[in-house]
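Asker: Predicted structure and sequence below. I'll ask about it afterward.
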Protein chains: 2
Amino acid sequence: MLTAKGAATRRRIIEGAAAEIREMGVAATTLDGILGRTATSKSQVFHYFPGGKEELLLAVAAREADRVLEDQEPHLGDLGTWQTWDAWRDAVVERYRRQGVNCPLGLLVTELGRTTPAAQQLTAQLVDRWQAALRAGIERMQVAGAIDAAVDAGRTAAAIVAAIQGGVVILMSTGRIIHLEAALDTMMAFLRSAAPTDVPGHDEE
Amino acid sequence: MLTAKGAATRRRIIEGAAAEIREMGVAATTLDGILGRTATSKSQVFHYFPGGKEELLLAVAAREADRVLEDQEPHLGDLGTWQTWDAWRDAVVERYRRQGVNCPLGLLVTELGRTTPAAQQLTAQLVDRWQAALRAGIERMQVAGAIDAAVDAGRTAAAIVAAIQGGVVILMSTGRIIHLEAALDTMMAFLRSAAPTDVPGHDEE
DNA sequence: CCCAGTCTGGACTTGCCGGTCCATTTTACT
DNA sequence: AGTAAAATGGACCGGCAAGTCCAGACTGGG
């Protein structure tokens, strides 16, 4: 019960809403604003998103969450050498440098997160997926002998996700990207300092 | 031109606004909601905050920013031994554990930051003050010989602020505190791993 | 060609919320 | 006590934006 034309319109609405949010911020985003931008009418919005604005915003958030991870590929899925880690680091910084002060996802989440359990779950999923990819990368480095096996891969991955997130928040609210860079670099320095050869005293597995 | 009674009312309004935001979130905060909670009338709000809602929210943000740093004392101002660093770490985690999913400051900033330059500046100031305190702590450790002098204190301090910020954001949007803990612990582990004795190969100043 | 379901346009309703206004009361100062 | 300034209450306004409705235009299968 959704023709090709209908699916296209639905997609267009999500796309337009994301653009509107990027430009105006979540608080200033109105349905009318999205309408004008996408050349649709209000009935379309409610036709494709019966739950109204909230459902639409949630759909936008879901799409943006996917984008966040996609934009880190192919590096994120390929972490296994210091070279790939560096490439990934640069990709993350570049992605957020381009995005600048607008984070459709972050705002949606802090806006909807409190009220909508679905939004909270969406965020949790994104964090989990992100963290899992980083964890796999760390474990691969451990298997290769580049990082001490004593490092808690999961916990460290969680720390890296948090560090990035914090850097992005500071970027959004102050316009400075240095914190994101410093956070990433410091985390990378920690990983490198955890090379087995650097800590010969450790003998536990 | 502000009697004792007036000052008290003004304080009460800010207090009530902060409480309302904590409970409802910024988006759902209305002047009427604050009015009911503080037993004031709308004319008071505009009497004490001629700039209207925006000025009030900014005042709340300024107050909350101060609280953030105050709540880390006396530890934050006293970082000089691993013991004090650990105490500070615990204080931060505890502070945000108590605060839970509500961050009046973070929301105000992401909400106002984009539109109001004053809010952006406020955030930048908070970040700077926070970072300066951490930097002083790191430098004290370096002077004491507990941390390698080759560590960039300013940059590392920036990374720590970002890590905390990210942990808090994730706490707010998912309810999980583990990322904040992991981020702090990993940063601490990095600092400890940078003890001069651990890297005898470094000879540059 | 037709008809059932889908899609679209836009006028309309509804309610909320920021902001204004003015009349009244309280405070502070001499 | 008196008066000017500050503080307070609450009615009122205006606009905006979410959501509703219905009439009409497309689409696709039989």
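Answerer: Yes, it's here.

Asker: A:R135 sits in which helix or strand?
Answerer: Assigning secondary structure by DSSP states H and E places A:R135 in helix A:117-143.

Asker: Show me what the next helix or strand along the chain from that helix packs onto, helices and strands only.
Answerer: Sequence-wise, the next helix or strand downstream of helix A:117-143 (DSSP H and E) is helix A:153-174. Judged by 3 or more CB pairs under 8 Å, 6 or more residues apart in numbering or on different chains; DSSP states H and E, helix A:153-174 is in contact with helix A:82-99, helix A:104-112, helix A:117-143, helix A:178-193, helix B:104-112, helix B:117-143, helix B:153-174, helix B:178-193. All C-beta atoms are positioned from the backbone trio N, CA, C, and that covers glycine.

Asker: Let's have the ones you listed in CSV, adding mean pLDDT.
Answerer: Converted to CSV, the helices and strands packed on helix A:153-174 look like this (pLDDT from 0 to 100):
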stretch, mean pLDDT
helix A:82-99, 96
helix A:104-112, 71
helix A:117-143, 95
helix A:178-193, 97
helix B:104-112, 71
helix B:117-143, 95
helix B:153-174, 95
helix B:178-193, 97
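
Asker: could you dump those to CSV with mean neighbour count and distance to DNA strand D?
Answerer: Shown next, in CSV, are the helices and strands packed on helix A:153-174 (neighbours: other CB atoms under 10 Å in any protein chain shown; distance: least, CB to the nearest atom of the strand, whole Å):
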stretch, mean neighbour count, distance to DNA strand D
helix A:82-99, 16, 23
helix A:104-112, 25, 12
helix A:117-143, 19, 15
helix A:178-193, 22, 31
helix B:104-112, 25, 15
helix B:117-143, 18, 20
helix B:153-174, 26, 22
helix B:178-193, 22, 32
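
Asker: Serialize those to TSV and add fields for distance to A:A157.
Answerer: Shown next, in TSV, are these (distance: least, CB to CB, whole Å):
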stretch	distance to A:A157
helix A:82-99	12
helix A:104-112	19
helix A:117-143	4
helix A:178-193	10
helix B:104-112	23
helix B:117-143	24
helix B:153-174	13
helix B:178-193	8
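
Asker: For A:L57, which of these is the nearest?
Answerer: helix A:104-112 (5.8 Å; CB to CB).

Asker: Identify the residue of chain A closest to DNA strand D, quick one.
Answerer: A:G52 (2.7 Å; CB to the nearest atom of the strand).

Asker: List phi and psi for that residue.
Answerer: phi 80, psi -150 (degrees, to the nearest 10).

Asker: does it really touch A:A59, like I thought?
Answerer: No: with contact defined as CB atoms under 8 Å, A:G52 does not reach A:A59; the gap is 11.6 Å.

Asker: and those two? which has more neighbours close in?
Answerer: A:A59 (18 against 11; other CB atoms under 10 Å in any protein chain shown).

Asker: Tell me the secondary structure of the more buried one, please.
Answerer: helix (DSSP: H, G, I helix; E, B strand; the rest coil).

Asker: And it, how close does it get to chain B?
Answerer: Distance, A:A59 to chain B, by CB to the nearest CB, to the nearest Å: 18 Å.

Asker: my guess is that residue contacts A:I14, does it?
Answerer: Yes: judged on CB under 8 Å, A:A59 makes contact with A:I14 at a distance of 5.4 Å.

Asker: Okay, and the residue nearest to the spatial centre of chain A sits in which element?
Answerer: Centroid-nearest residue in chain A, with CA atoms, centre = their mean: A:V68, separated by 3.9 Å. If you go by DSSP H and E, A:V68 is part of helix A:53-70.

Asker: Now do the buried residues in that helix.
Answerer: Across helix A:53-70, burial judged by 16 or more other CB atoms under 10 Å in any protein chain shown covers A:55-65, A:68.

Asker: circling back: and the closest residue to the residue of chain A closest to DNA strand D other than its chain neighbours, what element?
Answerer: Distances taken as CB to CB, 6 or more residues apart in numbering or on different chains place A:F46 nearest to A:G52, at 6.5 Å, with adjacent residues excluded. Here A:F46 sits within helix A:42-48, counting by DSSP H and E.

Asker: sorry, back to before: for the helices and strands packed on helix A:153-174, which one sits closest to B:E94?
Answerer: For the helices and strands packed on helix A:153-174, proximity to B:E94 was assessed by CB to CB; helix B:178-193 is nearest, at 10.7 Å.

Asker: same for the closest one, what does it pack against?
Answerer: Taking 3+ CB pairs under 8 Å, 6+ apart as the contact cut, helix B:178-193 packs with helix A:153-174, helix A:178-193, helix B:82-99, helix B:153-174.

Asker: Mind doing that once more with 10 Å?
Answerer: With contacts taken as 3 or more CB pairs under 10 Å, 6 or more residues apart in numbering or on different chains; DSSP states H and E, helix B:178-193 sits against helix A:117-143, helix A:153-174, helix A:178-193, helix B:82-99, helix B:117-143, helix B:153-174.

Asker: which strands and helices sit next to the fourth one?
Answerer: Yep, that's helix B:82-99 we're talking about. By 3+ CB pairs under 10 Å, 6+ apart, helix B:82-99 packs against helix B:53-70, helix B:117-143, helix B:153-174, helix B:178-193.

Asker: Any idea which of those helices gets closest to A:T84?
Answerer: helix B:178-193 (20.5 Å).

Asker: Just say helix, strand or coil for the closest residue to DNA strand C within chain A.
Answerer: As assessed by CB to the nearest atom of the strand, DNA strand C sits closest to A:G6 within chain A, at 1.9 Å. Here A:G6 is helix, with the state taken from three-state DSSP.

Asker: Kindly report the same for A:P74.
Answerer: Once three-state DSSP is applied, A:P74 turns out coil.

Asker: Show the contacting residues for A:G52.
Answerer: A:G52 makes contacts with A:31, A:45-46, as judged by CB atoms under 10 Å, 6 or more residues apart in numbering or on different chains.
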